[in-house]
Structure formats: C-alpha cells, structure tokens
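Novice: Could you work out the structure for the sequence below:
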Amino acid sequence: MFEDLNIEAMADTYLTPYAANIALAIVIFIAGKWLANTLTNVVIKLLQKSKMDDMLISFVASITKTILLLFVAIAALNQLGIDTTSLIALLGAAGLAVGLALQNSLQNFAAGVMLIVFSPFKAGDFVELAGVAGVVENIGIFSSVLRTGDNRELIIPNGSIYGGIIINYSARSTRRVDMVFGIDYDDDLRVAKELLRSIILADDRVLSDPEPVVAVSELADFSVNFIVRPWVKSADYWPVLWDTTEKVKLEFDAHGLSIPYPQMDIHIPKRVVDTTEN
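Specialist: Next up is the predicted model:
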C-alpha cells in the first residue's frame with residue numbers, strides 16, 4: 001500500500017509537471033511556427049507592393065522565416081527546462097565564424113541588395129561597371145551579368161560594382177554626341193564651319209532642342225579644331241557618330257578641305273667646308 005502511494009506521489013511530483021511542460025512546448029512550437037509563417041507572408045506581401053525584385057523577396061522571406069523559427073525552437077526548448085544560454089552563445093560563435101569565412105560573399109550580397117533596392121540600372125541597360133561596358137542581362141544577389149558588344153559574357157561581383165563608378169548610358173532618353181574635327185590653317189574656316197553645320201542639320205536623327213553646337217574650340221599645333229555637338233536619342237548615338245564622321249571626311253575631300261595630321265619638319269644645315277690652303 002505504501003509503495004503504491006509512493007509511486008503515485010512520484011508521478012504527481014515529476015511526471016505530471018514534465019508532461020505538462022512537454023505539452024506546452026509542443027503548443028509553443030506549433031503556434032510559433034504558424035506565427036512565423038504568417039509574419040513571413042506579411043513580409044512577402046509588403047515587399048511585393050514595393051515592387052522589389054522577386055529574387056530578393058524570396059531571399060528575404062527565407063531569412064525571415066529561418067530567424068523566426070530559430071526563436072520559436074529556443075522558446076520551446078526553454079519551456080522544457082533546457083538551458084538555452086549556451087546554445088545561443090554557440091549559435092552566435094558559429095554565426096561569427098561563418099561571417100568571417102564568407103566576408104567577401106557577404107559584401108557582394110549586401111551590394112546586390114543595394115543594387116536591387118536602389119536600381120541604378122536594370123536589365124537591358126547599356127552601362128559601364130567596374131571599368132567594363134556592356135548590356136545588363138541579369139542582376140543577381142552576389143553578381144551581375146553583362147553582355148559586351150562582341151557577345152562576351154562578363155560576370156562581375158556586386159561588391160566591385162557598388163564600390164565603383166556606375167555609368168548608365170541608357171538612363172536618359174537623349175545623349176549628346178561629342179565630336180572634334182580639324183582643318184589645316186590654310187583652309188577657309190568659314191567654309192568648314194558652314195559645311196559642318198549643314199551635315200548636322202541634314203541628319204533627321206539630330207534633335208532641334210537642344211540646338212546642335214558647331215564652334216571653333218582650339219588653335220592647335222597642327223590644326224584648327226571644331227567641336228560638333230548634336231543631341232540625339234540614346235538609341236541613335238553610335239549610328240549618328242559613325243555616319244557623321246564618314247560624311248565629314250567625304251565632304252571635306254569634295255570641298256578641298258584637308259584634315260591635317262602631326263608632322264615634323266627637319267632642317268639639316270649644309271656643312272661649310274673651308275678650302276683655303278694654308
């Protein structure tokens with residue numbers, strides 16, 4: 001009889017509270033998991049409303065859910081009476097070690113997030129990044145992909161992109177074409193200037209506003225230089241540059257205007273020979 005009482009007493013003292021803690025820990029985990037999923041969905045909807053990149057949304061949602069579930073697991077273990085202080089310290093040390101090991105990757109990731117959030121360029125833009133130029137094909141979390149004019153694929157770490165100068169040639173709808181043409185000092189300056197203006201104004205791709213500029217810019221060592229600066233649509237930049245350069249050469253030749261090139265005159269003095277006999 002006494003043995004039965006002792007067993008019941010032990011059960012009431014140890015088993016019942018422990019079973020209650022297990023049940024409560026399970027409830028905490030289930031409820032916490034549901035709350036983590038709910039909060040993650042809220043974060044996804046908020047990011048989608050901000051029109052953030054889908055890849056970044058997926059990554060942020062995954063990180064958010066993992067962190068929330070980690071807190072839920074720690075709360076459940078704590079309810080079971082397990083000391084989680086050492087576990088938290090261990091996770092912190094592991095996180096620090098991983099962070100140091102992946103320092104460059106984390107830098108690229110942070111730069112990728114900044115590029116996606118602030119969008120200094122987008123897919124399809126012609127840009128110059130980290131000293132190379134090309135068309136943006138993809139902006140990833142850790143790196144971005146460019147396609148060069150000769151169809152090469154360049155994969156550039158985002159850290160190198162965000163830490164340098166970003167030149168986006170497609171950001172504006174119009175661009176100015178800067179060209180310099182020189183004539184010989186013996187050529188007629190007025191004729192050359194009028195000829196350059198007529199070439200520019202005859203091109204339908206040249207915009208009237210802002211007005212194109214044709215002016216004498218420099219009296220150089222070997223030539224009188226003109227600056228020619230028409231405004232065009234960004235898509236017409238290279239065709240206008242190439243076509244204008246060709247037309248100027250043809251028209252200069254047709255009108256007898258020469259494009260000088262550096263040259264050097266060397267004068268060799270004649271040696272005077274003394275033929276007087278001593």
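Novice: Show me where the stretch 1-150 of the chain dips below the pLDDT cut-off.
Specialist: Flagging of the stretch 1-150 of the chain using pLDDT under 70 yields the residue ranges 1-19, 51-56, 59, 81-105.
Novice: Spell out, range by range, the strands that occur in it.
Specialist: 126-129, 132-139, 143-147 (DSSP state E, counting those that start in this stretch).
Novice: Specify the stretch among those strands that is closest to L80.
Specialist: The minimum distance between L80 and the strands of the stretch 1-150 of the chain falls on strand 143-147, with 43.7 Å, by Cβ to Cβ. For every residue, glycine as well, the C-beta is placed using N, CA and C.
Novice: what angle separates that closest one from strand 132-139?
Specialist: 120 degrees (axes from the mean of the first three to the mean of the last three Cα atoms, to 10 degrees).
Novice: Secondary structure class of the residue positioned nearest the centre of the chain, three-state.
Specialist: Centroid-nearest residue in the chain: I161, 5.1 Å away (criterion: Cα atoms, centre = their mean). Following DSSP: H, G, I helix; E, B strand; the rest coil, we place I161 in the helix state.
Novice: what residues are up against the closest residue in space to W231 that isn't next to it in sequence?
Specialist: Nearest residue to W231, sequence neighbours excluded (Cβ to Cβ, 6 or more residues apart in numbering): L207, at 4.5 Å. Counting by Cβ atoms under 8 Å, 6 or more residues apart in numbering, L207 touches T174, P230, W231, V232, K233.
Novice: Next, count neighbours for the closest residue to I167 other than its chain neighbours.
Specialist: The shortest distance from I167 to any non-neighbouring residue, by Cβ to Cβ, 6+ apart, is to E128 (3.9 Å). Other residues lying near E128 total 16 when counted by other Cβ atoms under 10 Å.
Novice: do the same with A215
Specialist: So A215, with other Cβ under 10 Å, has 11 neighbours.
Novice: Can you give the contact residues for the host helix or strand of it?
Specialist: In this assignment (DSSP states H and E), A215 forms part of strand 213-219. Contact partners of strand 213-219, identified using Cβ under 8 Å, 6+ apart, comprise 180, 189, 193, 196-197, 200, 224-230.
Novice: quick one, what contacts D184?
Specialist: Per Cβ under 8 Å, 6+ apart, neighbours of D184: S223, V224, L257, S258, I259, P260.
Novice: Any of the residues you listed buried? List them.
Specialist: S223, V224, L257, P260 (16 or more other Cβ atoms under 10 Å).
Novice: tell me the least confident of these?
Specialist: Minimum pLDDT for the buried ones among the contacts of D184 is recorded at P260 (84).
Novice: That residue is in contact with N225, isn't it?
Specialist: No: using Cβ atoms under 8 Å, P260 makes no contact with N225, being 10.1 Å away.
Novice: Overlap in contacts, these two.
Specialist: Taking Cβ under 8 Å, 6+ apart as the criterion, P260 and N225 both touch G182.
Novice: nearest to I57, of the strands of the stretch 1-150 of the chain?
Specialist: strand 132-139 (13.7 Å).
Novice: Buried residues in the closest one, which are they?
Specialist: G134, V135, V136, I139.
Novice: ok, which stretches of the stretch 151-278 of the chain are strands?
Specialist: Along the stretch 151-278 of the chain, counting by DSSP E, counting those that start in this stretch, strands occupy 153-157, 167-168, 174-176, 179-183, 213-219, 224-229, 231-233.
Novice: so can I have CSV of those strands showing distance to S119?
Specialist: Listed next are the strands of the stretch 151-278 of the chain as CSV, based on distance: least, Cβ to Cβ, whole Å:
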stretch, distance to S119
strand 153-157, 17
strand 167-168, 10
strand 174-176, 20
strand 179-183, 32
strand 213-219, 33
strand 224-229, 30
strand 231-233, 22
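Novice: Out of those, flag the one nearest E251.
Specialist: Closest approach to E251 among the strands of the stretch 151-278 of the chain (Cβ to Cβ): strand 179-183, 10.4 Å.
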